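>>> model the structure of this input:
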Amino acid sequence: MLWVFTKYHALGNDYIVIDPKNLPSPLTPEQIKIICHRNFGVGSDGILLGPLPSKKAKFALRIFNPDGSEAEKSGNGLRIFSRYLWDRKLVRKDDFAIETRGGLVQATVMERGKIVSVEMGRVSFWSDEIPVAGPRREVINEPIYLRGQRFNFCGATVGNPHCVLPLPNISAELAKQIGPMLETHLRFPNRTNVQLMKIIDRKNIQIEIWERGAGYTLASGSSSSAAAAVAHKLGRCDREIAVHMPGGIIEIEIGDNFAIRMTGAVTKVLEGTINAEMFSVKISA
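All right, here's what the predicted structure looks like:
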């Protein structure tokens with residue numbers, strides 16, 4: 001059986017959307033790894049499985065990382081999935097809700113699907129909600145040591161965990177160096193996404209991203225949301241923040257109680273089919 005899929009990217013962060021109706025059997029972690037592999041499979045930063053039935057919203061969505069693990073929420077993934085629903089004519093201009101493991105979100109598709117806005121929910125800095133090990137507290141400017149070097153970090157969750165490091169200078173090389181150490185650090189029981197953040201001015205920040213289960217990433221909606229919320233929490237940015245990433249810019253609006261509205265571009269790449277022969281190859285990672 002040929003598995004039908006559609007591929008999109010959101011500022012270079014690419015996902016494959018698969019309707020579960022087109023699957024002969026449930027996806028396994030091994031199949032997810034192969035599909036996402038850029039040499040042995042289609043290649044992507046993850047898989048969006050949906051639409052699925054929901055009692056809380058019009059649609060439900062499951063999000064898988066390329067290592068086979070399941071994510072609670074993905075801002076770029078949600079924008080891509082919203083565009084997919086629009087392309088399939090399952091939604092039009094009105095707001096609609098999507099259920100994720102990280103909670104309900106409201107989405108709006110604009111400019112014939114090329115721009116999507118998502119209400120990401122409320123950002124929390126409380127340790128037990130992120131989670132971060134230790135007593136209950138807001139995790140703001142706490143020290144963490146990596147190979148003897150001290151960094152200060154802020155913890156945040158927007159339905160999935162984030163570790164934000166405000167730094168005077170950031171780079172892709174530094175993200176690739178310390179991102180894996182932070183992702184699996186004992187302070188983060190469920191692992192964590194990592195953002196290196198540079199404050200540009202009151203309305204602009206720049207981030208480099210290491211995603212849990214995916215690695216170095218050109219753009220991320222939930223990372224943009226968490227980093228912008230931290231910048232505002234620290235008093236260094238206003239409520240409307242442009243988040244600059246290697247893949248492009250996401251606009252973040254911070255409402256009351258750190259409710260986040262995220263707006264950014266989505267691009268359709270291709271439609272295709274996956275042949276079962278692809279899964280005959282065994283990969284080590």
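
>>> what's the local residue count around Met110?
12 (other CB atoms under 10 Å). No exception for glycine: its C-beta is placed from N, CA and C like everyone else's.

>>> pretty sure it contacts Asp94?
No: between Met110 and Asp94 there is no contact under CB atoms under 8 Å: 11.7 Å.

>>> if I pick Cys163, what's in contact with it?
Neighbouring residues of Cys163 by CB atoms under 8 Å, 6 or more residues apart in numbering: Phe153, Cys154, Gly155, Leu182, His185, Phe188, Thr192, Asn193, Val194, Gln195.

>>> if you set the cut-off to 10 Å instead, what comes out?
130, 132, 139, 142, 144, 151, 153-156, 179, 182-183, 185, 187-188, 191-196, 210, 212, 226, 230 (CB atoms under 10 Å, 6 or more residues apart in numbering).

>>> and if you look at Ala242?
Here Ala242 is in contact with Ile200, Asp201, Lys203, Asn204, Ile205, Gln206, Ser224, Ala228, Ile249, Ile250, Glu251, Ile252 (criterion: CB under 10 Å, 6+ apart).

>>> ok, the fourth one touching Ile250?
No: using CB atoms under 10 Å, Asn204 is not in contact with Ile250, being 11.6 Å away.

>>> shared neighbours of the two, anything?
Counting by CB under 10 Å, 6+ apart, the contacts common to Asn204 and Ile250 are Ile241, Ala242, Val243, His244.

>>> can you tell me the centre-most residue of this structure?
Centroid-nearest residue in the chain: Ser74, 3.2 Å away (criterion: CA atoms, centre = their mean).

>>> show the contacting residues for that one.
Counting by CB under 10 Å, 6+ apart, Ser74 has contacts 10, 13, 15, 45-46, 48, 61, 63-65, 80-81, 100, 102, 159-160, 193, 211, 214, 220-223.

>>> out of those residues, which sit inside helices?
Counting by DSSP state H, the members of those that fall within helices are Ile80, Phe81, Gly221, Ser222, Ser223.

>>> can you turn the buried part of the contacts of Ser74 into a ChimeraX selection?
To isolate the buried members of these in ChimeraX, using 16 or more other CB atoms under 10 Å:
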select :10,13,15,45,46,48,61,63,64,65,80,81,100,102,159,160,193,211,214,220,221,222,223
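
>>> for the ones in helices among the contacts of Ser74, which one is nearest Ser171?
When those are compared for distance to Ser171 (CB to CB), Ser223 wins out at 16.0 Å.
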